[in-house]
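Q: need coordinates for the following:
(2 chains)
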Amino acid sequence: MSHLPANGTWSKCPFCNAHVNQLEWGFYKQCPHCHRYLRLTAQQRINQVVDANSFSQIDTNVESTNHLNVPEYTQKLAKAHQQSGLDEAMVIGQAKIKAQPTLIGVMDTHFMMGTLNTAVGMIIKQLYLEGAQRRLPIVIFIASGGARMQEGIYSLLQMNTILNAKRAFDQQDLFSMNVLTDPTMGGVSASFAFEGDIVIAEKYTQIGFAGRRVIETISNEQLPVDFQDADHLKQHGLLDDVIERAAIADYVGKMLKLHQGE
Amino acid sequence: MLDKQLQIIRSSHRISSADLLGQIVTDFTEIHGDRVLGDDPALTAGIALFEGMPVTVLAVNRGHSMQERQRFNGGQVRVSGYRKALRMIVAAEKFHRPVISLIDMPGADASVDSEDHGQSQAIADLMSKMGALTVPNIAVFLGEGHSGGALALSNANRILMLESALFSVASPEAVAAIITTDDDVSEYLPMTASQLLKIGVNDETILENQNLVINLKTALKKHVSSLTPLSAEELITDRSNKFNQVLNTWK
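A: Model (predicted):
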């Protein structure tokens, strides 16, 4: 069937169902019809925001294990590792953004929806520690469904212990900013996500504590279309700004410059 | 087994923070409102004397009757509740008052209002300040305490749990639904008072016999007096060590 296009040439937009050619998604993975963005892998995000060849990954040496023997968690971890090529849902490193040196952390929804567990918590705490030691600012790209249920209370207690690590970083008067990307929910939203000196969101990001479906079921009301959407949060005064994907690197670079001078 | 425990702690006869308040402290004076949004009935805040010592109390109410449960939103604290708690603990620092939280809350308030008013930010701000508190704080789990809201109120030097209380990342039903199992999730995930005592989340289990109030009072007295000699710096370190030690049991 040589007259058919190669697999992956065309794909359906998950938001508007339009058929989009591989080339049309472009560097920023934006649908040419509805203009929404595909979720990025950590590597794609890094490529989009850091200066070329400036990223050096920080080794985290973490590996998630199913200590509590929760059914199917071992298989889920193996599958996530295999599909994403990552050891866990977060990548950290040092880089330059618009010539400004910074530490950067990027969460990846392709690994168990970027959920916060013991390993991801350790990576974030390491990031704050490295920031304090290297005396560098920190930019975190958040993308997470919340706490990972399979690690129970251990996932929950990442929330307060990450805030402790962040406090030690803040005591050095260093700058941190968070870029909330789709989705930023639950235990991540209610711990470090909103605690940066600057908190912005990528356009079209869903942000909230409780999930949309849960609220719909419990409140029994029809929720507005833009409920928990980044622009909606901005209107309610909950975000410093909402930025288009293609403009994020410039925004972050400028913020880093404004906090450190040239 | 968990089903039975849930039945006990969700029963309309379950001891509530309102029942306990009058018995463990004196001169309780309620302080209303967050000075911005409103006054959350789910969280009663106030100043009282515990054994003659001024303390700040944050008490989550679930209510006994249907009417009460409706009024208290079933113990689901709203944004104004977290904000009220935050201003109360800032004042507690100024006047060197220990903070006692009484917790019985099934989880986050799932509503449009809470999301639109920044529930995430409110929980994070309270959790962060609780961790950095320069006065002792002690949390008591009376029934359920789930998810980030409960942790914001229990990011404390000591956690005490009534025998059948639960503390979990989410309600057992929500956990089971997300990890898609019909099993009793407490078989895997530590969430009961005895399980959490083993890993150091729970510092003391309060027996639920006819002396419950005395048991709780005795425990509170012991922990308050062990913490009050500590300096601000020591209290912050003690609190942070407590949770780090729990996480060290993940091996």
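
Q: max-length strand in chain A?
A: strand A:176-185 (DSSP state E).

Q: elements contacting that strand?
A: Using 3 or more C-beta pairs under 8 Å, 6 or more residues apart in numbering or on different chains; DSSP states H and E, the elements in contact with strand A:176-185 are strand A:138-144, helix A:152-170, strand A:198-202, strand A:207-208, helix A:248-260. For glycine as for every other residue, the C-beta is placed from the backbone atoms N, C-alpha and C.

Q: adding mean neighbour count, distance to chain B and mean pLDDT, write these out as TSV.
A: Converted to TSV, the helices and strands packed on strand A:176-185 look like this (neighbours: other C-beta atoms under 10 Å in any protein chain shown; distance: least, C-beta to the nearest C-beta, whole Å; pLDDT from 0 to 100):
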stretch	mean neighbour count	distance to chain B	mean pLDDT
strand A:138-144	26	11	98
helix A:152-170	23	3	98
strand A:198-202	23	9	98
strand A:207-208	27	5	98
helix A:248-260	18	19	97
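
Q: just name the shakiest helix or strand of chain B by mean pLDDT.
A: helix B:172-178 (a mean of 91; mean pLDDT, DSSP states H and E).

Q: what's in contact with the one helix or strand residue A:95 maps to?
A: Per DSSP states H and E: residue A:95 is located in strand A:90-97. Applying C-beta atoms under 8 Å, 6 or more residues apart in numbering or on different chains, the contact partners of strand A:90-97 are A:42-43, A:46, A:49-51, A:54-58, A:60, A:101-108, A:114, A:120, A:123-124, A:126-127, A:130, A:134, A:136, A:139, A:249, A:252-253, A:256.

Q: residue A:98 is in contact with residue A:254, correct?
A: Yes. The pair residue A:254 / residue A:98 is scored as a contact, 7.3 Å apart, by C-beta atoms under 8 Å.

Q: how long is stretch A:222-232 end to end?
A: Distance across stretch A:222-232, first residue to last, is 16 Å (C-alpha to C-alpha, to the nearest Å).

Q: next, count neighbours for residue A:52.
A: 7 (other C-beta atoms under 10 Å in any protein chain shown).

Q: quick check: closest non-adjacent residue to the residue in the stretch 101-250 of chain B that chain A sits nearest to.
A: Nearest to chain A in the stretch 101-250 of chain B, going by C-beta to the nearest C-beta, is residue B:189, at a distance of 3.3 Å. Excluding its sequence neighbours, the residue lying closest to residue B:189 (C-beta to C-beta, 6 or more residues apart in numbering or on different chains) is residue A:152, at 3.3 Å.

Q: give me every residue that touches that neighbour.
A: With C-beta under 8 Å, 6+ apart, residue A:152 has these contacts: A:68, B:168-169, B:175, B:185, B:188-191.

Q: repeat the analysis, applying 7 Å as the threshold.
A: Residue A:152 sits next to A:68, B:168-169, B:189-191 when contact means C-beta atoms under 7 Å, 6 or more residues apart in numbering or on different chains.

Q: then residue B:206?
A: B:160-163, B:212, B:215-216, B:219.

Q: what's the answer for residue A:259, then?
A: Counting by C-beta under 7 Å, 6+ apart, residue A:259 has contacts A:137, A:175.

Q: next one: phi and psi at residue B:168?
A: phi -140, psi 160 (degrees, to the nearest 10).

Q: count of residues packed around it?
A: Neighbours of residue B:168 (other C-beta under 10 Å): 25.

Q: what bridges to it?
A: residue B:146 (DSSP bridges).

Q: leaving out chain neighbours, which residue sits closest to residue 12?
A: All of this refers to chain A. residue A:19 (6.0 Å).

Q: that was the other one, I meant chain B.
A: Nearest one to residue B:12, counting by C-beta to C-beta, 6+ apart, is residue B:64 at 4.9 Å.

Q: work out for me the element the one you found sits within.
A: Applying DSSP H and E, one finds residue B:64 in no helix or strand.

Q: quick one, grab the pLDDT at it.
A: With respect to pLDDT, residue B:64 scores 94.

Q: can you report how many residues lie near it?
A: So residue B:64, with other C-beta under 10 Å, has 17 neighbours.

Q: and what of residue A:183?
A: Other residues close to residue A:183 by other C-beta under 10 Å number 24.

Q: tell me, how many residues neighbour the closest residue to it other than its chain neighbours?
A: Closest residue to residue A:183 apart from its sequence neighbours, by C-beta to C-beta, 6+ apart: residue A:206 at 4.5 Å. If you count neighbours by other C-beta under 10 Å, residue A:206 ends up with 20.

Q: report the contact partners of the residue positioned nearest the centre of chain B.
A: With distances taken as C-alpha atoms, centre = their mean, residue B:103 lies nearest the centre of chain B, 3.2 Å away. Residues in contact with residue B:103 (C-beta under 7 Å, 6+ apart) are B:60, B:139-142, B:145, B:150, B:153-154.

Q: out of these, who's nearest residue B:39?
A: Using C-beta to C-beta, residue B:60 comes nearest to residue B:39 of those, at 14.3 Å.

Q: ok, back up a step: residue A:232 is nearest to which of the helices and strands packed on strand A:176-185?
A: When these are compared (using C-beta to C-beta), the closest one is strand A:207-208, at 8.8 Å.

Q: what's next to that closest one, contact-wise?
A: Counting by C-beta under 7 Å, 6+ apart, A:180, A:184-185, A:189, A:201, A:228, A:230, A:233, B:115 sit against strand A:207-208.

Q: redo that, cut-off 6 Å
A: A:180, A:184-185, A:228, A:233, B:115 (C-beta atoms under 6 Å, 6 or more residues apart in numbering or on different chains).

Q: what's the next secondary structure element after it?
A: Immediately after strand A:207-208, counting by DSSP H and E, sits helix A:212-219.

Q: what's the angle between that next one and strand A:176-185?
A: 60 degrees (axes from the mean of the first three to the mean of the last three C-alpha atoms, to 10 degrees).

Q: for helix A:212-219, buried residues please.
A: A:212, A:215, A:219 (16 or more other C-beta atoms under 10 Å in any protein chain shown).

Q: before we move on, the earlier item: looking at this, the residue nearest to the centre of chain B is in a strand?
A: Yes. Applying DSSP: H, G, I helix; E, B strand; the rest coil, one finds residue B:103 inside a strand.

Q: show me what it is bridged to.
A: Beta-bridge partners, per DSSP bridges, of residue B:103: residue B:141.

Q: look at residue B:128 and tell me its secondary structure.
A: With three-state DSSP as the criterion, residue B:128 reads helix.

Q: excluding chain neighbours, what is closest to it?
A: With C-beta to C-beta, 6+ apart, the residue lying closest to residue B:128 is residue A:163, at 4.7 Å.

Q: okay, now the unreliable bits of chain B?
A: Across chain B, no stretch falls below the confidence threshold (pLDDT under 70).

Q: let's see that with 90 instead.
A: B:1, B:107-108, B:110, B:177-183, B:251 (pLDDT under 90).

Q: which residues of it fall in strands?
A: Going by DSSP E, chain B shows strands at B:26-30, B:43-50, B:53-60, B:99-105, B:137-146, B:158-162, B:166-168, B:204-206.

Q: and the last one, how far out from the chain middle?
A: Here the centre of strand B:204-206 is set off from its chain's centre by 14 Å, with C-alpha atoms, centre = their mean, to the nearest Å.

Q: do the same with the first one
A: Its chain's C-alpha centre and that of strand B:26-30 lie 19 Å apart, by C-alpha atoms, centre = their mean.

Q: now it against strand B:53-60, angle please.
A: 50 degrees.

Q: list the contacts of strand B:26-30.
A: By C-beta under 6 Å, 6+ apart, strand B:26-30 touches B:21, B:46-49.

Q: buried ones only from the residues you listed, please, as a PyMOL command.
A: Selection of buried members from those for PyMOL, criterion 16+ other C-beta under 10 Å:
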select buried, chain B and resi 21+46+47+48
